[in-house]
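>>> Need a 3D model of the following:
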Amino acid sequence: MSMQQVKRPYDRTSNVLIVDDDDTLLKFFKIHLNKFFSKVVVVENAKQALENIKEKEIDIVLTDIRMPKVDGLQLMEKIRKAHPDIPILLISGEPMNEEQQKQLEDADGFLAKPFSVDQLNNFIHLGADLRQFYKDITPCLKDAKKIRDVLTAGDSAFDKLMKKEELAKAKSIVKEWRFKNSDQTAA
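You can find the predicted model right below:
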């Protein structure tokens with residue numbers, strides 16, 4: 001993923017959930033990301049993350065992969081079942097096996113540790129852009145649970161996912177989002 005530094009305004013609407021079992025990293029995320037987002041919630045494990053998602057509107061989840069009991073990949077699966085419209089960004093500094101590498105394809109992004117502050121900023125804002133896209137496109141969908149299919153659907157499949165009366169609007173939203181993010185996503 002090519003990430004070019006982008007100057008971002010303070011986001012007064014997005015709620016970011018950070019999940020990591022490293023207390024030092026959680027403190028860093030809380031202090032740093034509070035400069036950019038209205039609410040940054042930090043938790044130490046998947047159980048706390050799922051509780052927060054039930055209680056609060058969460059817009060972006062940033063989770064470490066390696067955690068005890070329920071890892072970040074398992075957490076991603078649990079969140080996706082109930083909230084397919086929440087972007088899930090994964091981070092890790094550990095090598096991953098072949099199965100984990102395959103599961104990474106389902107994430108909205110992956111950032112390897114160590115990372116720079118600029119890389120983190122661009123990474124988390126890419127998630128915020130994706131969340132806004134999901135919010136914009138959801139009213140156009142026949143079935144909101146199919147939201148992730150929109151990103152990969154071909155023209156005929158895309159048309160089947162959308163409400164007929166919303167099709168032109170949906171195509172416009174997708175075209176604008178793809179253009180806006182073409183320089184930030186992997187080729």
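
>>> which SS state does Lys39 fall under?
Put simply, Lys39 is strand when judged by DSSP: H, G, I helix; E, B strand; the rest coil.

>>> Same check on Lys69?
From three-state DSSP, the assignment for Lys69 is coil.

>>> check contacts around it.
45-47 (Cβ atoms under 8 Å, 6 or more residues apart in numbering). Heads up, the C-betas are built off the backbone N, CA and C, glycines and all.

>>> What of Leu50?
Contacts of Leu50 by Cβ under 8 Å, 6+ apart are 75, 78-79.

>>> re the thing from before, which of the contacts of Lys69 fall within helices?
Taking DSSP state H, the ones among these that sit in helices are 46-47.

>>> Looking at the contacts of Lys69, which one is closest to Ala153?
Using Cβ to Cβ, Ala46 comes nearest to Ala153 of the contacts of Lys69, at 29.9 Å.

>>> List the residues that contact that closest one.
19, 63, 67, 69-72, 74-75, 78.

>>> now do Thr13
Applying Cβ under 8 Å, 6+ apart, the residues contacting Thr13 are 38, 59.

>>> Reduced to three states, what does it come out as?
If you use three-state DSSP, then Thr13 falls in the strand class.

>>> List the contacts of Asp83.
I think there's a mix-up here, since residue 83 is His and not Asp. So His83 contacts 53, 58 (Cβ under 8 Å, 6+ apart).

>>> From Leu120, how far off is it?
23 Å (Cβ to Cβ, to the nearest Å).

>>> What of Gly127?
Applying Cβ to Cβ to Gly127 and Leu120 gives a distance of 11 Å.

>>> thinking again about what came up before, could you export the contacts of Leu50 as a markdown table, including pLDDT?
Formatted as a markdown table, the contacts of Leu50 follow (pLDDT from 0 to 100):
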| residue | pLDDT |
| --- | --- |
| Leu75 | 97 |
| Lys78 | 96 |
| Ile79 | 96 |
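
>>> Are any of those residues buried, and if so which?
Buried residues within the contacts of Leu50, counting neighbours by 16 or more other Cβ atoms under 10 Å: 75, 79.

>>> Show me which of the contacts of Lys69 is closest to Gln132.
Ala46 (25.6 Å).

>>> And the strands in this structure, which stretches?
With strands called from DSSP state E, the chain shows them at 11-19, 37-43, 60-64, 88-92, 109-112.

>>> Residue most distant from the centroid, the protein?
Glu165 (28.4 Å; Cα atoms, centre = their mean).

>>> domain parsing for the protein?
The chain breaks down by automatic domain parsing into domains covering 11-132, 136-181.

>>> Please identify the deepest-packed of the ones you listed.
Ranked by average neighbour count under the criterion mean count of other Cβ atoms under 10 Å, the domains of the chain are headed by domain 11-132 at a mean of 17.
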